[in-house]
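Trainee: Structure of the sequence below:
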Amino acid sequence: MPSGFPRHEQLSRRTMLQAGSIGLLGLGLNHVTALREADASSDQSTQGKAKSVIFIFLSGGLAQHDSFDPKPEAPLGIRGLFSPIATRSPGLEVCEHLPMLAARSQNWSVIRTLTTPHNEHSQGHMSILTGRTPMPPTFDPTKPMPGDWPSIASVVGDTLPRRNNNLPPAIVLPERLIHNTGRILPGQFGGQMGSRRDPWFVEASPYNPKSYGAYPDYEFHFVRGRERNPNLKFQAPNLSLPHGLDIARLGQRSELLAMLDQQRADLEQTASVANFDRHRQSAVSLLTDAQMQRAFDVHNANPRDLDRYGRNAFGWSLLMARQLVEQGVGLVQVNLGNNEAWDTHENHFPLLRDCLLPPTDRGVSALLDDLNERELLKDTLIVMCGEMGRTPKINPIGGESKIPGRDHWGAVQSVFIAGGGTPGGIVVGASDKDGAYPVKSPQRPEDLAATIYHALGIPATASWKDDQDRPHQIYSGEPIAELI
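Mentor: Numbering: from 1, shown residues only. Just a heads-up that it's a prediction; the model follows:
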């Protein structure tokens, strides 16, 4: 054993390896360490009111016309097949398939003018998830690169302090964003900050290249339509599982759990745990803290909560996000839909009507209600958007399905925003009559990211440092004035 390694004679070698390595709990040491306080000398009176952010990301791109920016006066080939409905906020209309959110509009607002020049998925993901419009010099649309801009989740995770527990400040769930070809989408990771500052990914929903949507009730395939895959399971992380031990590798589960229970007992009973460095102590605390484990447990939640969120992948993900922010996690990114599920080039209207909008409407409405009832909404900023919008003109071809859809459109998209001290019931900006371009108050990804950072109280002067100790400014835009 190297002379500099701490000696703990009462711990077994196996316990030492799991407690002291990157394996314990799926947490690398970087995920619960190196948390820097925001600049204490800055003027905090100008900062936001949120303690946490839930960033709901709709990979593939939500159609603005068919959600939060309907155009009922436009020709049929632009306005689409859905009708607008009134909300509780005068002058604010939304798609008819968002009735629950319409009834709660006093608690949320919409930005109708988020714009980028990008019409390609990887570029859109990079831009929105990092809050940077230009692509990094080494950008590769087929894979993440070390020179990528750091994700908003990585920046927040590196900047916010730990809050009275050992959960990391930034968590992404229920899976990484992986294209159906198997390529991992760039923009989700630490990039220039280094992989040690990647956010913690909760792999609760297994990657499946042929399934989309909020399974089991709202699963679909773009061409085949509604379906159900009995092999898909939503499993919250078992905090006693070593890193890399996924469902397929569990094997003799009873034997595994017996071994881990013994390891847990070893860790709890030995006095030498107190001599671990604080990074290892953080991991051990997560392993042994029942309250922390409950934060990830959604299937044993109150049945009333399960019903109102929806017993599906979207509902479980949003419920887990609420439980995590209640435990003090600074930012939870919730990916609603794998494999660019919102990329509705074809079968657009049936899929939105039957498989995408209903679980989103229910789940996000339940999140608003739940946070309100727990008096957490004022402290929790909710942001929901995709990497792009969809084309104003409906594609009449519809690919293999022969049913029309909308194609990629980065020039404008709508962003749902609620809580965290932001006003409810207002519309920021306006798109043109066809929902194609901003005509009032255009907003960039830099401004949306700045709004998130501002809400969390991160000073405008804050920076992060790379491995060469060089500072990099966190803010690249201005917080959206109408929201602060």
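Trainee: So which residue is dead centre in the chain?
Mentor: Among the residues of the chain, Gln333 comes closest to the average C-alpha position under C-alpha atoms, centre = their mean, at 1.9 Å.
Trainee: Pass me the low-pLDDT residue ranges in the stretch 151-300 of the chain, would you?
Mentor: Low-confidence segments of the stretch 151-300 of the chain, defined by pLDDT under 70: 164-165, 238-289.
Trainee: what ranges do the strands span in it?
Mentor: Taking DSSP state E, counting those that start in this stretch as the criterion, the stretch 151-300 of the chain carries its strands at 170-173, 200-201, 212-214, 218-221, 225-226.
Trainee: Just list what the fourth one packs against, helices and strands only.
Mentor: Of the remaining helices and strands, those touching strand 218-221 by 3 or more C-beta pairs under 8 Å, 6 or more residues apart in numbering; DSSP states H and E are strand 212-214. Where you see a C-beta, it was placed from the backbone N, CA and C, and this is true even at glycine.
Trainee: Same check on the first one?
Mentor: Where contact means 3+ C-beta pairs under 8 Å, 6+ apart, strand 170-173 is packed against helix 152-159, strand 200-201, helix 313-326, strand 331-335.
Trainee: Please name the strands paired to that strand in the sheet, noting orientation.
Mentor: Strand pairing for strand 170-173, determined by DSSP bridges: strand 200-201 (parallel), strand 331-335 (parallel).
Trainee: Which of the ones you listed comes out lowest on mean pLDDT?
Mentor: Of all those, the minimum mean pLDDT falls on strand 200-201 (a mean of 90).
Trainee: chain center to that one: distance?
Mentor: Between the centre of strand 200-201 and the centre of its host chain there is 10 Å, according to C-alpha atoms, centre = their mean, to the nearest Å.
Trainee: What of stretch 455-468?
Mentor: From the chain centre to the centre of stretch 455-468 is a distance of 20 Å (C-alpha atoms, centre = their mean).
Trainee: And it, what's buried?
Mentor: 455-460, 462, 464 (16 or more other C-beta atoms under 10 Å).
Trainee: Quick one: end-to-end distance for that stretch.
Mentor: With C-alpha to C-alpha, to the nearest Å as the measure, the ends of stretch 455-468 fall 29 Å from one another.
Trainee: Nearest residue to Leu173 in space, ignoring adjacent ones along the chain?
Mentor: In space, not counting the residues next to it along the chain, Leu173 is nearest to Val202; the distance is 3.9 Å by C-beta to C-beta, 6 or more residues apart in numbering.
Trainee: Now for the one you found: which residues touch it?
Mentor: Shown in contact with Val202 (C-beta atoms under 8 Å, 6 or more residues apart in numbering): 171-174, 236-237, 296, 320.
Trainee: One more: Gly194?
Mentor: By C-beta under 8 Å, 6+ apart, the residues touching Gly194 are 146, 466-467.
Trainee: Nearest to Asp158, out of those: which one, please.
Mentor: Lowest distance from Asp158 to the contacts of Gly194 (C-beta to C-beta) belongs to Asp466, with 10.9 Å.
Trainee: Wait, that closest one touches Met193, no?
Mentor: Yes. The pair Asp466 / Met193 is scored as a contact, 6.8 Å apart, by C-beta atoms under 8 Å.
Trainee: Overlap in contacts, those two.
Mentor: Common contacts of Asp466 and Met193, defined by C-beta under 8 Å, 6+ apart, are absent altogether.
Trainee: my guess is Met388 contacts His408, does it?
Mentor: Yes. Using C-beta under 8 Å as the test, Met388 is close enough to His408 to be in contact (5.7 Å).
Trainee: Need the overlap of contacts for those two.
Mentor: Common neighbours of Met388 and His408, counting by C-beta under 8 Å, 6+ apart, are 61, 119, 121, 124.
Trainee: what about the third one, how many neighbours?
Mentor: It refers to His121. Using other C-beta atoms under 10 Å, the number of residues around His121 comes to 21.
Trainee: for the first one, same thing?
Mentor: Per other C-beta under 10 Å, the neighbour tally for Gly61 reads 27.
Trainee: Three-state assignment for it, please.
Mentor: Gly61 falls in the coil class when you classify it by DSSP: H, G, I helix; E, B strand; the rest coil.
Trainee: isn't Gly363 right next to Arg311, touching?
Mentor: No. Using C-beta under 8 Å, Gly363 makes no contact with Arg311, being 10.6 Å away.
Trainee: and these two? which has more neighbours close in?
Mentor: More neighbours sit around Gly363 than around the other of Gly363 and Arg311, counting by other C-beta under 10 Å; the figures are 27 against 17.
Trainee: ok so, going back, quick one: mark the members of the shared contacts of Met388 and His408 that sit in helices.
Mentor: Counted as lying in helices by DSSP state H, out of the shared contacts of Met388 and His408, are 121, 124.
Trainee: about what we covered before: dump the buried residues of stretch 455-468 to JSON lines, plus distance to Ala50, pLDDT and secondary structure.
Mentor: Converted to JSON lines, the buried residues of stretch 455-468 look like this (distance: C-beta to C-beta, whole Å; pLDDT from 0 to 100; DSSP: H, G, I helix; E, B strand; the rest coil):
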{"residue": "Ala455", "distance to Ala50": "4", "pLDDT": "96", "secondary structure": "helix"}
{"residue": "Leu456", "distance to Ala50": "6", "pLDDT": "96", "secondary structure": "coil"}
{"residue": "Gly457", "distance to Ala50": "8", "pLDDT": "95", "secondary structure": "coil"}
{"residue": "Ile458", "distance to Ala50": "10", "pLDDT": "95", "secondary structure": "coil"}
{"residue": "Pro459", "distance to Ala50": "14", "pLDDT": "95", "secondary structure": "coil"}
{"residue": "Ala460", "distance to Ala50": "16", "pLDDT": "95", "secondary structure": "coil"}
{"residue": "Ala462", "distance to Ala50": "15", "pLDDT": "96", "secondary structure": "coil"}
{"residue": "Trp464", "distance to Ala50": "20", "pLDDT": "96", "secondary structure": "strand"}
